[in-house]
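Trainee: Structure of the sequence below:
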Amino acid sequence: MADWDDVTIAALKELGADSVMVPGAKLRQKMVQLGYHHGLDVAAHVNRSTLSFSQLADEVVGVVVQHQSGSDVLVGLEGAEAPSKPLGPSHGGLPLRRDVYEAFTRLSATPFAYLPESDKFVMEGEARGSAVSVHPVSLETLLADRRRFIHSLPTDRQRPLIEAVTSSTTPLSAFRTAVTAAGMFDLWAAAQSRTVVDRVRRWAEDNGVTPRDAWFRGEARPISPHQTLARLAPYLTADEIRNLSIPFRAVEAMLSDIGGQ
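Mentor: Residues are numbered from 1 along each chain as shown. The predicted model follows:
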């Protein structure tokens, strides 16, 4: 079983935070994912401690936490720089509902499947009843998306991005770092959003599935109870999730981390 320090450092590396610092909430979400696969319940670990998540991260050797007034903390490995743009509150700007987006973008040894009756995309092992398979996402597909974007740019803007996807042992993280440093992350995000939406529509057509309006995000809407729960999830222990309860302690923890305390 991995310990807190191992999961913290591994999550920061996967997020590219050895070069550019990331928000504390983003780190926490990644740690929850990694911790699940390595036997560490991140929420329970924080709950047992007298320290906040950001304080626990700050205690890991080689990790730097930078506090920001009125915003989330930034976390990175030693030598990482703060993002070129100030970070505002996260608005969860995915082009698709989260489960749909993950089914077509997440690298996983286990493929996803769609459950028409409940309108959910889940890991294939969790599928019950009638299900439609989603072809597994490959690293080559994701890299091809990035190469197309690179070649759509003026020649003088391409070199650092090409080096990121061809010379790094972690090309996805390296590309994210490079495109952010070049000030083109929003441009890339918009291009990739269109690509993924087209991929979802083609899959639906090929498999005789009628796309649901709920899959696609339109104009920004007020945060729903479901979105609130999704944001709270990293702050809940495994037992609390199983009991479907959201204690006020979890809300306090989330607000504490956002406030950088």
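Trainee: so what's the backbone phi/psi at the closest residue to L139 other than its chain neighbours?
Mentor: Leaving aside its sequence neighbours, L139 sits nearest to L107 (Cβ to Cβ, 6 or more residues apart in numbering; 6.2 Å). Glycine gets a C-beta too; all of them are placed from N, C-alpha and C. Main-chain torsions, L107, degrees, to the nearest 10: phi -80, psi 120.
Trainee: where's L107 relative to A214, distance?
Mentor: Per Cβ to Cβ, to the nearest Å, L107 is found 25 Å from A214.
Trainee: and the nearest residue to A214 once chain neighbours are set aside, how many neighbours does it have?
Mentor: Of all residues not flanking A214 in the chain, R97 sits nearest, at 6.2 Å (Cβ to Cβ, 6+ apart). Neighbour count for R97, taken as other Cβ atoms under 10 Å: 18.
Trainee: need the contact list for R97.
Mentor: 214-217 (Cβ atoms under 8 Å, 6 or more residues apart in numbering).
Trainee: and of those residues, the nearest to V46?
Mentor: Using Cβ to Cβ, R217 comes nearest to V46 of the contacts of R97, at 30.3 Å.
Trainee: Tell me if I'm right that the closest one and V100 touch.
Mentor: No: using Cβ atoms under 8 Å, R217 is not in contact with V100, being 9.8 Å away.
Trainee: neighbour-wise, which of these two wins?
Mentor: Ranked by neighbour count (other Cβ under 10 Å), R217 and V100 place V100 first, with 26 against 18.
Trainee: The more buried one contacts V200, correct?
Mentor: Yes: taking Cβ under 8 Å as the definition, V100 is a contact partner of V200 at 6.3 Å.
Trainee: tell me, what's touching the two both at once?
Mentor: W215.
Trainee: Endpoints of stretch 100-113, how far apart?
Mentor: 10 Å (Cα to Cα, to the nearest Å).
Trainee: same deal with stretch 60-76?
Mentor: OK, stretch 60-76 end separation, Cα to Cα: 11 Å.
Trainee: Ok, stretch 201-217 next?
Mentor: Stretch 201-217: ends 14 Å apart by Cα to Cα.
Trainee: what about V22, neighbour count?
Mentor: 22.
Trainee: Give the bridge partners for it, please.
Mentor: Beta bridges link V22 to V75, judged by DSSP bridges.
Trainee: Quick one: residues contacting it.
Mentor: By Cβ under 8 Å, 6+ apart, the neighbours of V22 are 12, 15-16, 74-76.
Trainee: try 7 Å this time
Mentor: Applying Cβ atoms under 7 Å, 6 or more residues apart in numbering, we find V22 in contact with 15, 74-76.
Trainee: Highest neighbour count among those residues?
Mentor: V75 leads those on contacts (other Cβ under 10 Å) with 28 neighbours.
Trainee: isn't that one right next to A57, touching?
Mentor: Yes: under the criterion of Cβ atoms under 7 Å, V75 lies in contact with A57, with a separation of 5.5 Å.
Trainee: Can you classify V122 as helix, strand or coil?
Mentor: strand (DSSP: H, G, I helix; E, B strand; the rest coil).
Trainee: What residues are recorded as beta-bridge partners of it?
Mentor: Once the bridges are assigned, which here means DSSP bridges, V122 pairs with A113.
Trainee: so how many other residues sit close to it?
Mentor: 18.
Trainee: same check, this time on the one 3 residues further on
Mentor: When counting by other Cβ under 10 Å, one arrives at 8 neighbours for G125.
Trainee: Give me the pLDDT value at the residue lying closest to it once chain neighbours are set aside.
Mentor: Spatial nearest neighbour of G125, excluding adjacent residues (Cβ to Cβ, 6+ apart): T110 at 5.8 Å. On the pLDDT scale, T110 is placed at 83.
Trainee: In a strand, T110, correct?
Mentor: No: secondary structure of T110 (three-state DSSP): coil, not part of a strand.
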